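Peer 1: Build me a model:
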Amino acid sequence: MPRILAVANRKGGVGKTTTTVNVATAMAAAGKKVLVIDLDPQGNASTSMGIDKKGAVRSSYDVLLGEAKLTEAVVWTEIPNFSLVPSSPDLAAAEIELIEMDRREFALKKAINKDAVNYDYILIDCPPSLSLITINALVAADAVIVPLQCEFLALEGISDLIQNINIIKKNFNPNLTLHGVVLTMYDKRNNLTQMVEEDVRNFFGKKVYDTVIPRNVKISEAPSHGKPVLLYDFKCPGSQAYIGLTKEVLKRERELVA
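Peer 2: Reported below is the predicted structural model:
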C-alpha cells in the first residue's frame, strides 16, 4: 500500500496546493510513483497541473461517493510517475450527500484501499476547512503536512488544526501523525516573519522542517501556466526550496517506516 500524506490547513492561501503539487513533482523526479488527489472544490491542484476539470470524465467527487474507482478517475500529467485525480465543483455539495452514507468518514479510505496499490505515495490536497471532505482525507492519511504562512494569526489557526488532528486520531485513525510543519511565504527581511518562525519552532520543535518556502514571484506565476514551479523555472529560489523540502519529507519517511 502507498504512504498517504494529507496536506492540510484550515486557513486558505497558505500554500497547500503549491506544496502538494511541487512536493509530488520532486518525488516523481526522484523515481517515486505519486498520485495527487485534489479534494478542494476550487480545483487549484488540477489547474496548477494544466488539467481541464471540465473535460475530466471522472473526479474525486465520484470516487468519494463510490460512483467510480480511483483508477477510473486518474489523469496522467506530463511528468513521468505523476498522476492526478482532478477535482470537481460538485465536491461543494458532497458534504450533504456524504451525511447519508454509512461510515461516511471512511469513504476515501475505502476507495484507496480498493484501488491504489501501484503508487508509492498519495498526496491529498485538502480544502481550507474542517469539512467532512477534510475529515475523509485525515482518516485515510498516514500523516499530515501543514503549510503555515508566516503571518500574525498563523499559530491561532494551526493550534485548532492540531486539536482536530488529535480528535481524528482518537476517534477514527489511531495511526495518524503530524509529519511536519512547513513555513511558507517566508521573507527573511521581515521582522514579523522571523517572530512567527521563532514561535512556531519553539512550539513544534523538530516537527518544523528546516527548509522554508520563500516569497517568490515564480511560485505565484507557475499555476497560470499549468505547471508546478519546478517545471516553470527550475532554478528559481522557490523551486530549489521545494526540492529541499521534498528531501526532508522523504528522509522523515524513511525514519517513520524504518
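
Peer 1: where do the strands sit along the stretch 101-250 of the chain?
Peer 2: With DSSP state E, counting those that start in this stretch, the ranges of strands along the stretch 101-250 of the chain come out as 121-125, 143-149, 177-184.

Peer 1: where in the chain is pLDDT low?
Peer 2: The model of the chain has pLDDT under 70 over residues 53-56, 258.

Peer 1: any idea which helix is longest in it?
Peer 2: Counting residues, the longest helix found in the chain (DSSP state H) is helix 237-257.

Peer 1: Can I get it in CSV? Just the C-alpha atoms.
Peer 2: C-alpha atoms of helix 237-257 as CSV (Å, rounded to 0.1, in the frame of the first residue of the first chain):
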residue,chain,number,x,y,z
PRO,A,237,14.5,30.1,-5.2
GLY,A,238,11.0,28.6,-4.9
SER,A,239,11.9,25.5,-6.9
GLN,A,240,15.1,25.0,-5.0
ALA,A,241,13.2,25.3,-1.7
TYR,A,242,10.7,22.7,-2.7
ILE,A,243,13.5,20.3,-3.7
GLY,A,244,15.0,20.8,-0.3
LEU,A,245,11.6,20.3,1.4
THR,A,246,11.0,17.1,-0.5
LYS,A,247,14.4,15.7,0.5
GLU,A,248,13.4,16.3,4.2
VAL,A,249,9.9,14.7,3.7
LEU,A,250,11.5,11.6,2.1
LYS,A,251,14.1,11.5,4.9
ARG,A,252,11.4,11.6,7.6
GLU,A,253,9.5,8.9,5.6
ARG,A,254,12.5,6.6,5.8
GLU,A,255,12.7,7.2,9.6
LEU,A,256,9.0,6.7,10.1
VAL,A,257,8.7,3.4,8.3
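
Peer 1: what does it contact?
Peer 2: Identification of contacts with helix 237-257 by CB atoms under 8 Å, 6 or more residues apart in numbering yields 3, 5, 19, 22-23, 25-27, 30, 32, 143, 145, 177, 179-180, 182, 209-214, 216, 218-219, 229-230, 232-233. Heads up, the C-betas are built off the backbone N, CA and C, glycines and all.

Peer 1: What subset of the residues you listed is buried?
Peer 2: Buried subset of the contacts of helix 237-257 (neighbour count, 16 or more other CB atoms under 10 Å): 3, 5, 19, 22-23, 25-27, 32, 143, 145, 179-180, 182, 209, 211-214, 216, 219, 229-230, 232-233.

Peer 1: which residues in this structure form helices?
Peer 2: Assigned helices in the chain, in chain order: 16-29, 44-48, 60-64, 70-73, 91-99, 107-115, 132-140, 154-171, 191-204, 217-221, 229-232, 237-257 (criterion: DSSP H).

Peer 1: between these, which one is nearest to Tyr121?
Peer 2: helix 16-29 (5.8 Å; CB to CB).

Peer 1: Okay, angle between the closest one and helix 237-257 too, please.
Peer 2: 70 degrees (axes from the mean of the first three to the mean of the last three CA atoms, to 10 degrees).

Peer 1: ok, now how distant is the nearest residue to Leu176 once chain neighbours are set aside from Cys126?
Peer 2: Leaving out its chain neighbours, the residue that sits closest to Leu176 by CB to CB, 6 or more residues apart in numbering is Lys169, at 4.6 Å. Using CB to CB, to the nearest Å, Lys169 is found at 16 Å from Cys126.

Peer 1: Looking at these two, which is more packed in?
Peer 2: The residue with more neighbours, out of Lys169 and Cys126, is Cys126; 27 against 16, by other CB atoms under 10 Å.
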